[in-house]
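Asker: quick one, structure for this:
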Amino acid sequence: AGEGARGVGWFLEGILPLAAFGKEALDLTLRGVTDGTADVDPSPDYLQSSCVPVMLRAGIGSDGDDVPPSIRVTRRGAAPLGGGTVEFHCPIVKELRPMEMAEFGRVKRVRGNAVSCRIPPSSAARVAHSAKGVMHRLLPDVWVHTDVHSSGGRKRGRGGDDAGGCGASPGLSVMLTATTTEGVCLTAECSMRHGGASSDGEAVERGKMELPEELGRRAATLLLHEIHAGGCIDTHCQAFALMLMCLTPEDVSRIRLRPLSGDLIVALR
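Answerer: Residues are numbered from 1 along each chain as shown. As a prediction, the model looks like this:
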């Protein structure tokens with residue numbers, strides 16, 4: 001990992017559509033950037049909350065005989081230096097089943113995770129409190145977990161390797177997932193720009209850097225936009241869901257989409 005390194009989610013995006021069609025179940029360990037790249041790459045937490053439920057609806061690991069697909073972060077690694085570890089498991093499937101995701105239902109709960117690496121633990125709590133303050137205007141059942149990692153929290157494994165803890169870079173990010181009465185999961189995530197850099201690469205003055213409260217409100221606003229759009233698949237999962245639809249047998253699959261994202265338009269072309 002280093003300046004400009006892609007997140008682990010970038011690699012998982014390409015593996016997910018193929019993982020279920022191997023000769024044996026896939027167990028994969030990836031190391032690198034797990035958090036802090038929400039603007040360009042999805043985090044493993046996002047893929048677990050958004051894409052894995054779509055895989056289950058397509059019949060991957062949902063028959064009860066196999067362990068369902070899972071993406072688990074065992075060690076955090078913020079951008080740009082990374083140092084995180086992700087474990088991915090996916091069972092095989094002989095044939096996908098048609099998907100029916102046309103009913104949205106009503107939002108019944110919101111769950112989230114605020115992750116901080118090598119920064120004061122209060123920052124994650126401030127993010128969670130700010131996000132809950134916005135989401136409580138929608139419904140009362142809102143819970144945001146704070147996942148705090150510091151340099152002193154690392155543990156040594158039996159082989160001498162670091163287990164748990166986080167990498168060398170500081171970072172702060174948050175992910176929120178809304179679940180409806182019809183089983184629809186909509187996810188939004190965002191992260192604080194690391195190193196005080198703006199999206200165009202220019203330095204940002206310390207007084208103009210994003211506060212944890214602003215990060216929490218931005219994540220909650222993104223999730224509210226997803227809910228207001230009315231789709232059964234969130235923006236960044238659209239292309240993956242349609243790809244699975246193309247691989248199902250010659251039967252009717254129905255998915256209710258929000259306005260098409262730029263990534264989906266490129267994929268359809």
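
Asker: next, count neighbours for residue 57.
Answerer: 21 (other C-beta atoms under 10 Å). Glycine gets a C-beta too; all of them are placed from N, C-alpha and C.

Asker: repeat for residue 177
Answerer: Neighbour number of residue 177 under other C-beta under 10 Å is 23.

Asker: that one contacts residue 110, doesn't it?
Answerer: Yes - using C-beta atoms under 8 Å, residue 177 is in contact with residue 110, at 6.9 Å.

Asker: all strands of this protein, in order?
Answerer: 26-32, 70-75, 84-90, 100-101, 107-117, 142-149, 155-156, 162-163, 171-180, 185-191, 254-255 (DSSP state E).

Asker: which parts of the second one are buried?
Answerer: Same thing as strand 70-75. By neighbour count on 16 or more other C-beta atoms under 10 Å, the buried set for strand 70-75 is 71, 73, 75.

Asker: re the thing from before, turn the strands of the chain into JSON lines, including distance to residue 227 and mean pLDDT.
Answerer: Converted to JSON lines, the strands of the chain look like this (distance: least, C-beta to C-beta, whole Å; pLDDT from 0 to 100):
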{"stretch": "strand 26-32", "distance to residue 227": "31", "mean pLDDT": "96"}
{"stretch": "strand 70-75", "distance to residue 227": "23", "mean pLDDT": "96"}
{"stretch": "strand 84-90", "distance to residue 227": "28", "mean pLDDT": "96"}
{"stretch": "strand 100-101", "distance to residue 227": "15", "mean pLDDT": "94"}
{"stretch": "strand 107-117", "distance to residue 227": "6", "mean pLDDT": "96"}
{"stretch": "strand 142-149", "distance to residue 227": "13", "mean pLDDT": "96"}
{"stretch": "strand 155-156", "distance to residue 227": "39", "mean pLDDT": "42"}
{"stretch": "strand 162-163", "distance to residue 227": "38", "mean pLDDT": "46"}
{"stretch": "strand 171-180", "distance to residue 227": "6", "mean pLDDT": "96"}
{"stretch": "strand 185-191", "distance to residue 227": "6", "mean pLDDT": "96"}
{"stretch": "strand 254-255", "distance to residue 227": "17", "mean pLDDT": "94"}
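
Asker: of all those, which lies closest to residue 240?
Answerer: Nearest to residue 240 among these is strand 254-255 (11.1 Å), distances taken as C-beta to C-beta.

Asker: any regions of the protein where pLDDT drops low?
Answerer: Filtered on pLDDT under 70, the chain yields the residue ranges 1-4, 151-164, 193-208.

Asker: could you measure from residue 84 over to residue 8?
Answerer: 7 Å (C-beta to C-beta, to the nearest Å).

Asker: shared neighbours, these two?
Answerer: Common contacts of residue 84 and residue 8 (C-beta atoms under 8 Å, 6 or more residues apart in numbering): 31-34.
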